[in-house]
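Q: Need coordinates for the below:
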Amino acid sequence: MLEHHQPDATLGAIEGLLELEARHARRLRRGYILALALIAALVCAGLAIVQVVLASQRSDAHLINVAGRQRMLSQKLSKLALAVQVAPDRASKRELAHELAAVAAEWSDAHQRLQTRAAGSRLAGVNSPSTRGRFADLDGDFAAILSAAHALTAAADAASAGQSAGDDPALLAAVRTILAHEPAFLAKMEGLVAGLDQEANQRTEQLGQIERGLVLLTLLTLLLEALLIFRPALARLDATRERLRDALLALAARESAVTDIATHERERIGRDIHDGLCQHLAGLRLLLDTALRRARRGGQLELAALEPALPILDGALAESRQLARTLLPRAIEDQGLEACLADLAKLTSALYRVSCTCVVTRPALEMTQETAAHIYRIAQEAAANAARHGRARALHIELDGALLTVRDDGCGFDTGARHRGLGLLTMQHRARLIGGELTITSTPRGTTLSCRIGGLTEASEDA
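A: Below you'll find the model as predicted:
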C-alpha cells in the first residue's frame, strides 16, 4: 500500500521549492532594480554634465563673438577719431564726434559685460584666471582709449560751438592717444580671443572624456550586474527548477501509483460483485423459480417457501450499497466512452426526472482507459450536481474531440466562492490527472462546464 505521508511530504517539498524560487525571484528583482537605478543615475549624470557643458559652449560662442566685435569697434574708434580731426567744418566734426561717442559707449558696455558675465545674460558664466589676467593686462589701453574718446568728443563739441579755433590741441592729443593705444589693444584682444577659443576647445575635449568615462562606467555596471547578480541568481533558479521538476515527477509517479491501486481495487470490486452479489441474485432467482413451479402444480403459493428470500435480498442489498460508489462502469472497455456517455444521459434522465441529451460531435482518438474513466466521472459528477443542487430541468452532454462540455439551465452557483464542494474539487483533480484544463462558467440562468483534455488526437469531422 502507498503510505499516506509520502504525498504530503512531496507537496511540502514542492511548496518549499516554490517559496525558495520566489525568494530567488525577489532577490533577482531587487538586483535588477538596483542595476537599472545605477544605470539611470549614470545616464542622468551624463545628461546633466552634457547640458552644463553645452550651456557653457553656447556662452563661450557669444563670448568669443562679443570679444571679436570689440576689435572691430576699437578700429572704428580710430577711424572716427581721424575723421573728426580732418573734418572740413564744425558741423561735420560735431556729427562725427557724436557717432564716436555712441561707438565708445557700445565698446565700453561690451567690455564691461565681457568681464562681469552677469547671470541671466547670454554671456553668463565665470571667466578663468587666465582670461581675467588678460583683461587686467588690456585695461590700461582700454581706459586710455576710452578717456581719449571722451576728450575728443568734448573738444569737437567745443569747436563746433566756437569756443576754440583751428586745430584744438586737446583734440589732436586725444586722436594721438587713441592711435597710440589701438595696436596694443588689438594685439591683446587678439590674444584674449585666442585664449577663449582654446578654453572652449578644452571644455569640448573634457566633454568627450566625460562621455567616454560614463560609457565605460555603464558597461562596467552591466558586466558586474551580469556576473554578480544575474549569473548567480539564474544558477540558483535553474537548480531550484530542477529540484522542483524532480519533486513534480515524484508526485506524478505517486499519483500514477494511486491510480493503479484504484484500478486494481475496481477490478477486485468487480470480482467481488461476480462472486458475491451475482451469487445472491442467482440464488434468489432459483428460490423464486422453485416456489413458482410448486405454486403452479399445487395451485397455491406457500409463504414458507419464500422466507429464505429475505436474507438473500438483505445480503445482496448490503453488498450492492457497499460497491455502488466505487464501481467503474465496465462498459467503457467494451462499448467505448461515447456509448457510456449516451447511457449516462439516459440514466440521468430516468434517475432525476430531467431532460438529458448527449451528442458526440467528434470522437477523441488514442485515449487510454484511465483517461476515459476520468472523463466519464467528470461528466457524471457534473450531471449529478446540476440535477441535485442546480435544480436543472434540461442538461446537455457533448464530446467534441478533446473537449467535454456539460451544460444545464439550472440556477447556477458562485464559481469564486472560497469554500468549494467536494464534487468540484474532485472534477478539478481528475482533470489535472489527465493533463486537462477545467473551466466553469455559471450564471443564474445556467452553468457550462468544459474540460479540454491535453495530448489527444481529434478525429476530423469527415471521419
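Q: what sits against Ser450?
A: Leu403, Leu404, Thr405, Leu438, Thr439, Ile440 (CB atoms under 8 Å, 6 or more residues apart in numbering). All C-beta spots, glycine's among them, are computed from the backbone N, C-alpha and C.
Q: repeat that with 7 Å
A: Going by CB atoms under 7 Å, 6 or more residues apart in numbering, Ser450 touches Leu403, Thr405, Thr439.
Q: With pLDDT and distance to Gly213 added, can I get the residues you listed in TSV?
A: Formatted as TSV, the contacts of Ser450 follow (pLDDT from 0 to 100; distance: CB to CB, whole Å):
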residue	pLDDT	distance to Gly213
Leu403	91	62
Thr405	95	66
Thr439	92	57
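Q: ranges for the helices of the stretch 301-450 of the chain?
A: Ranges of helices within the stretch 301-450 of the chain are 309-324, 331-335, 337-352, 369-388, 422-433, based on DSSP state H, counting those that start in this stretch.
Q: Give me the helices and strands touching the last one, please.
A: Helix 422-433 sits against helix 369-388, strand 437-443, with contacts defined as 3 or more CB pairs under 7 Å, 6 or more residues apart in numbering; DSSP states H and E.
Q: So which of the helices of the stretch 301-450 of the chain is the most surrounded?
A: helix 369-388 (a mean of 21; mean count of other CB atoms under 10 Å).
Q: helices and strands around it, which ones?
A: helix 331-335, helix 337-352, strand 394-400, strand 403-408, helix 422-433, strand 446-452.
Q: Can you flag the buried ones in the contacts of Ser450?
A: Neighbour counting by 16 or more other CB atoms under 10 Å classes Leu403, Thr405 among those as buried.
Q: Burial check on Leu88, number of neighbours?
A: Not Leu; residue 88 is Pro. Neighbours of Pro88 under the rule other CB atoms under 10 Å: 7.
Q: tell me the phi and psi of it?
A: Main-chain torsions, Pro88, degrees, to the nearest 10: phi -80, psi -20.
Q: coming back round to it: could you dump the helices of the stretch 301-450 of the chain into a markdown table with mean pLDDT and distance to Ile229 added?
A: Formatted as a markdown table, the helices of the stretch 301-450 of the chain follow (pLDDT from 0 to 100; distance: least, CB to CB, whole Å):
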| stretch | mean pLDDT | distance to Ile229 |
| --- | --- | --- |
| helix 309-324 | 67 | 61 |
| helix 331-335 | 70 | 55 |
| helix 337-352 | 85 | 53 |
| helix 369-388 | 88 | 45 |
| helix 422-433 | 82 | 36 |
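Q: Wait, a strand at Val126?
A: No. In this structure, Val126 is coil, not part of a strand, as judged by DSSP: H, G, I helix; E, B strand; the rest coil.
Q: Quick check: it vs His62, distance?
A: Applying CB to CB, to the nearest Å, the value for Val126 to His62 is 14 Å.
Q: Neighbour count: the two, which is higher?
A: Ranked by neighbour count (other CB under 10 Å), Val126 and His62 place His62 first, with 18 against 11.
Q: can I assume the more buried one is in contact with Leu123?
A: Yes. The criterion here is CB atoms under 7 Å, and His62 meets it with Leu123 at 5.5 Å.
Q: Mutual contacts of the two, please.
A: What both His62 and Leu123 touch, as defined by CB under 7 Å, 6+ apart, is an empty set.
Q: what stretches of the stretch 201-350 of the chain score poorly on pLDDT?
A: Low-confidence segments of the stretch 201-350 of the chain (pLDDT under 70): 254, 256-272, 274-276, 280, 299-306, 318-319, 321-331.
Q: for the helix or strand containing Ala187, the distance to its chain's centre please.
A: For Ala187, the host element (DSSP states H and E) is helix 169-225. Distance of helix 169-225 from the chain centroid (CA atoms, centre = their mean, to the nearest Å) equals 49 Å.
Q: Export the helices and strands packed on helix 369-388 as JSON lines, with columns for distance to Ala151.
A: Below are the helices and strands packed on helix 369-388 laid out as JSON lines (distance: least, CB to CB, whole Å):
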{"stretch": "helix 331-335", "distance to Ala151": "124"}
{"stretch": "helix 337-352", "distance to Ala151": "120"}
{"stretch": "strand 394-400", "distance to Ala151": "111"}
{"stretch": "strand 403-408", "distance to Ala151": "108"}
{"stretch": "helix 422-433", "distance to Ala151": "106"}
{"stretch": "strand 446-452", "distance to Ala151": "105"}
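Q: Of the ones you listed, which is nearest Leu237?
A: With CB to CB, the closest approach to Leu237 among these belongs to helix 422-433: 24.6 Å.
Q: contact partners of the closest one?
A: Helix 422-433 is contacted from outside by Glu255, Thr259, His374, Arg377, Ile378, Glu381, Ala382, Asn385, Glu437, Leu438, Cys451, using CB under 7 Å, 6+ apart.
Q: Between all of the residues you listed, which two are separated the most?
A: Taking CB to CB as the measure, the contacts of helix 422-433 reach their widest spread between Glu255 and Asn385, a distance of 23.8 Å.
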